[in-house]
Every structure is written in C-alpha cells, then in structure tokens.
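Undergrad: starting from these lines, generate the structure:
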Amino acid sequence: MRTLVVIATYNEIENLPRLVKAVLELTLDIDVLVIDDQSPDGTGRWAREYATQDHRLQLIERPGKLGLGTASITGLKYAVTHRYDCVVTMDADFSHDPKYIPQLVTRLSTDEQPAVDVVIGSRYVPGGGVQGWPLRRRWMSRAINRYARSFLRLRVADCSGAFRCYRIAALQHFQLDRIRSSGYSYLEEILWLLQRQGTAFAEIPIVFVDRQKGHSKINWREAIFALWFIFRLGILGAPRS
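TA: Residues are numbered from 1 along each chain as shown. Okay, the predicted model is just below:
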C-alpha cells in the first residue's frame, strides 16, 4: 500500500533527522510529510534542506504554533488529495517506534475479518504498555481514556493515542473540516465522528516510550480543555461550524 507518514513538529531538531531516516528505511512504499509550525530550533529548515535531497520527504511550513489537531488534519487532507492508500500519524519524539508501522499497514491491508479502516497503535491492549512515565502520568492517561470511552461510547481501548493508520478510502467521504478541536482532543473527536459513520477500528499492541530528547508540548491548559471538549461532545454532540 502506498503510505504517507505524517509527523507534526515544533522544536524537534534533536529527534526529526533520526526519525525520518528510520521511517524511510522501512521496506514499504512510503513517504513522509513533516508539518512544522515555524520551529525556532531549525526543525523546519532541516526538513526543507533534506527534502531537496530525497523526494520522499515533503514539508508544509505553517506561520506559527497552530496545534497538533490542525496539523494532523492538514496531513490527512494532503494524503487524500495526493491519492495515497493509507496515512499514518505519529509523534515526532520516538515515543512511537517506527518498527510498528509495517504492522499497522499490514493489519489495514490484510484480508483478516472483520475488515477495518483505522488501526490504532494501542498502549492498552494485551501486549501494549508504557515506558518511562511516572505513576501519576500513567494514572492520568488511563483515567482520560476511561472518561472518553464513557462519554463518547468509543469502542477502543486507547482513545488518546496518536499512533494510527487510516485507510484513505474511509476518509474520502469524511468531512475532515467537521473536526473542531485544534489540540489533543481531536484524537477522541475524530474517532467519535468516524464511529458514528460506521467506521471499523482495530488495535495492535505497542510500547509507548517517553521522549528522551526535547520537551513535551502538552500543558495543563490543553489537558483541561480536552476534558471539557470531550464532555461537551458527549453531552451536546458536535459543535456547529
């Protein structure tokens, strides 16, 4: 399957060169799209220069820090427009090991039943896990997932993980502009919207490893907004445009 890997970046110069190399070394028909929000550390500059040497890397540079949600949706739209077969979203900090990408793509393309349109790299199915997180963060992540499953009735174990593979055919008739969250809650929102249109999901186990280089972008303000947005979505439904 012709695959696009979307990586949203902000100040990831310590991670991105190694990550791009690891992804492009996979034995797949694969391209990488970096979406950079004007990283002051030179992440976008590196990607721009590398793209002149290897056509498998593309870059979209945005005028400022506009949020993970809008970056990911931009990547999904790009994949649809450029007629890929599937699109993988992943973090830029090696929390998501590229070695799992072939498994995500294979599960999507296999004839195994039931057929699925979205495959999630899951921390919370048998065989999955987390390394490097303190107990408090582990508890918070599990609590947020239970919260999202309860309010949105999502039928997956890992609602908040960003390591996913989407079948393009499932996105072609899905209105990506309906997604209202610009931050981390887009992860639950897109699953909720896709589930409502009958999309089938599968999960494969991954081990999520806390970043070793750089700094996490999530903050308490975004976390609180995500909780509020999920609550609003579950009680009132999708906000109007």
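
Undergrad: who touches R83 in this structure?
TA: Going by C-beta atoms under 8 Å, 6 or more residues apart in numbering, R83 touches R2, I168. For every residue, glycine as well, the C-beta is placed using N, CA and C.

Undergrad: also H96?
TA: H96 sits next to M90, G121, A162, F163, I206, F208 when contact means C-beta under 8 Å, 6+ apart.

Undergrad: helix, strand, or coil at it?
TA: Under the three-state scheme (DSSP: H, G, I helix; E, B strand; the rest coil), H96 adopts coil.

Undergrad: related to what we said a few turns ago, dump the contacts of H96 to TSV, plus secondary structure, distance to I144 and neighbour count.
TA: Formatted as TSV, the contacts of H96 follow (DSSP: H, G, I helix; E, B strand; the rest coil; distance: C-beta to C-beta, whole Å; neighbours: other C-beta atoms under 10 Å):
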residue	secondary structure	distance to I144	neighbour count
M90	strand	19	26
G121	strand	17	27
A162	coil	13	20
F163	coil	16	23
I206	coil	18	25
F208	strand	14	23
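
Undergrad: which of these lies closest to A115?
TA: For these, the minimum distance to A115 (C-beta to C-beta) is 18.6 Å, reached by G121.

Undergrad: got the contact list for that closest one?
TA: Contacts of G121 (C-beta under 8 Å, 6+ apart): H96, Y100, L104, D158, G161, F163, R164, E203, I204, I206.

Undergrad: for it, which non-adjacent residue is closest in space?
TA: Nearest residue to G121 in three dimensions, chain neighbours excluded: F163, at 3.4 Å (C-beta to C-beta, 6 or more residues apart in numbering).

Undergrad: so who does the one you found touch?
TA: Per C-beta under 8 Å, 6+ apart, neighbours of F163: V88, T89, M90, D91, H96, Y100, L104, I120, G121, I206, F208.

Undergrad: which among those gets closest to T9?
TA: Comparing the contacts of F163 against T9 with C-beta to C-beta picks out D91 as the nearest, at 9.7 Å.

Undergrad: count of residues packed around that closest one?
TA: By other C-beta atoms under 10 Å, 21 other residues sit near D91.

Undergrad: from P98, how far out is it?
TA: 11 Å (C-beta to C-beta, to the nearest Å).

Undergrad: same check, this time on C159
TA: 23 Å.

Undergrad: torsion angles phi and psi at Q195?
TA: phi -60, psi -40 (degrees, to the nearest 10).

Undergrad: return the residues in contact with it.
TA: Contact partners of Q195, counting by C-beta under 8 Å, 6+ apart, are R153, L154, R155, F201.

Undergrad: okay, and which of the contacts of G121 map to helices?
TA: Judged by DSSP state H, helices contain the following of those: L104.

Undergrad: and which of the contacts of G121 is nearest to V34?
TA: H96 (14.8 Å).

Undergrad: show me which of the contacts of Q195 are buried.
TA: L154, F201 (16 or more other C-beta atoms under 10 Å).

Undergrad: return the member of the contacts of Q195 nearest to S181.
TA: L154 (14.6 Å).
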